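[1] A structural model of the following input is requested.
(one chain, ligands or ions: 1)
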Amino acid sequence: MIIMNIEKIKSDFPVFKNNPNLTYLDSASTSQRPLPVIEAMNEYYTSFNANVHRGVYKISEEATEKYEKAREKVRNFVCAKSDKEIIYTRGTTESINLVMHGYGEKFVNSGDKIVITIMEHHSNFVPWQQLAKRKNAKLVIIDINENGELKEDEIKTKIKGAKLVAVSHASNVLGTINNVSEICKIAKEEGAVSVIDGAQSVPHMKIDVQKFGCDFFAFSGHKMLGPTGIGGLYGREELLESMDPFLYGGDMISEVTVEKSEWNYLPYKFEAGTLPIAEAIGFGAAIDYLSKLGIENVYKHEKELTEYAISKLSEIKNLSMYGPKKADKKVGVITFNLNGIHSHDVATILSEYGLAIRTGHHCAMPLHDRLQIGATARASFYVYNSKEDVNKLVAGLKEANKIFKVG
Ligand SMILES: Cc1ncc(COP(=O)(O)O)c(C=O)c1O
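    Now for the predicted structure:
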């Protein structure tokens, strides 16, 4: 049973009117944006374009109000305690780098253990790999089992004695949803700080950073119907207070003399320079849109679609799927290969039929090495996708098999 009116939802996205044949299956890379998000940004530029926090005139006050209101929406969406704990960033990558610089550089020392997993996106892999190298710390990697899930026994043993644990909530390749509550609980017991990469979970499921018990949680606006160039970092207030700023400049300062500088209070201590104001306001509109749909409905819809896609794709004999085969274990991301055809060729053929999928390593090269596979094809779903889109994907893949005379 489809619980959302997909045709109605789709009509909110101008890109589909402008590309009537488009079947967009690449939302894990970036989502499309509905009209209210575009309009919210336009309204800023056309009606109250001014810098925030600086002017005492009317349109600056209006811009500041909308910009801060959006922060409150983000805070509610991830269930943080206070707006002080929500820092605007350019997205997940910048959020994780902020933690690496602000926390890691200050508190991780030689010999400390940093724990990540083999399924991490480069954004949650490389910063820790580089920090470990600089600090002479140990980088320890939790492996996956044959279902593409983290090995249970390794979660406990490898986190033992760790200083910092950085794990994705949902994998952008396998789709696997990790039990972050459990991981954060173990990290806490060990006295380690937890960093969760929520890039692939926040758009699709209920997030409660307090229930998860995480210390940091990173996410991107552009994967959740919002604009590019804006995202968020949730950080526990006490930890944010203890950290050094990531960037220096305007707005993050309370006082500067020739001799020294003092930092602004949270969250501004981490928001140097003029931030993407229109984008922050658009981000707020995206959250309004998702909240209206109901994030639980979004999750249910995608789960149903994923279940359908897994069953349909399983009928294609030469198709290998990576990651859990059960829809309740994953987000709406299906990574696969048609044996005998390079994924780039598959994607090119699908493109002839208006299908947009992603191919390559999806910024997860260590995972591809671990699975001993090269490039893969990935289809990912969101609020505007339907079973009809899955049927088109299946038909396109059968066509690719015919062209290459395999399958
Ligand atoms: C799991 C995961 N982490 C991090 C990122 C990086 O996100 P961004 O490029 O928005 O910083 C992505 C993007 O695909 C992702 O899927």
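
[2] what is the burial count for residue 352?
    11 (other CB atoms under 10 Å). Placement of C-beta: from N, CA and C, glycine included.

[3] what backbone torsions are found at it?
    The phi/psi pair for residue 352 (degrees, to the nearest 10) reads phi -60, psi -30.

[4] what do you get for residue 231?
    The phi/psi pair for residue 231 (degrees, to the nearest 10) reads phi -160, psi -170.

[5] which residues does it contact?
    Contacts of residue 231 were listed using CB atoms under 8 Å, 6 or more residues apart in numbering, and they are 88-92, 94-95, 218-222, 283.

[6] can I get those residues in CSV with pLDDT?
    Formatted as CSV, those follow (pLDDT from 0 to 100):
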residue, pLDDT
88, 98
89, 98
90, 98
91, 98
92, 98
94, 98
95, 98
218, 98
219, 98
220, 98
221, 98
222, 98
283, 98
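
[7] can you report how many residues lie near the closest residue to the ligand within the stretch 251-400 of the chain?
    Residue of the stretch 251-400 of the chain nearest the ligand, by CB to the nearest ligand atom: residue 363 (6.1 Å). Neighbouring residues of residue 363 were enumerated by other CB under 10 Å; the total is 17.

[8] within the helices and strands, which one has it?
    Assessed by DSSP states H and E, residue 363 sits outside every helix and strand.

[9] which residues touch it?
    121-123, 172.

[10] mind pulling the model confidence for residue 405?
    At residue 405, the model reports a pLDDT of 85.

[11] let's number from 42 now, not from 1
    Noted, 42 is the first residue going forward, which turns the last one into residue 446.

[12] that one: how many residues sit nearby?
    Residue 446 has 7 neighbours, counted by other CB under 10 Å.

[13] same check on residue 232?
    9.

[14] of the contacts of residue 272 - the most surrounded one?
    For the contacts of residue 272, the largest number of neighbours (other CB under 10 Å) sits with residue 262, at 34 neighbours.

[15] correct me, but that residue touches residue 326?
    No. The criterion here is CB atoms under 8 Å, and residue 262 misses it with residue 326 at 10.2 Å.

[16] list residues touching both of these two?
    Common neighbours of residue 262 and residue 326 (CB under 8 Å, 6+ apart) do not exist.

[17] quick one: residue 50 and residue 338, what's the gap?
    Separation of residue 50 from residue 338 (CB to CB, to the nearest Å) stands at 11 Å.

[18] next one: residue 104
    32 Å.

[19] who in this structure is up against the ligand?
    132-134, 162, 164-165, 209, 213, 238, 240-241, 261, 263 (CB under 6 Å from any ligand atom).

[20] out of those residues, which are inside helices?
    133-134 (DSSP state H).

[21] which of the residues of the chain next to the ligand fall within strands?
    Within these, residues falling in strands by DSSP state E are 209, 238, 261.
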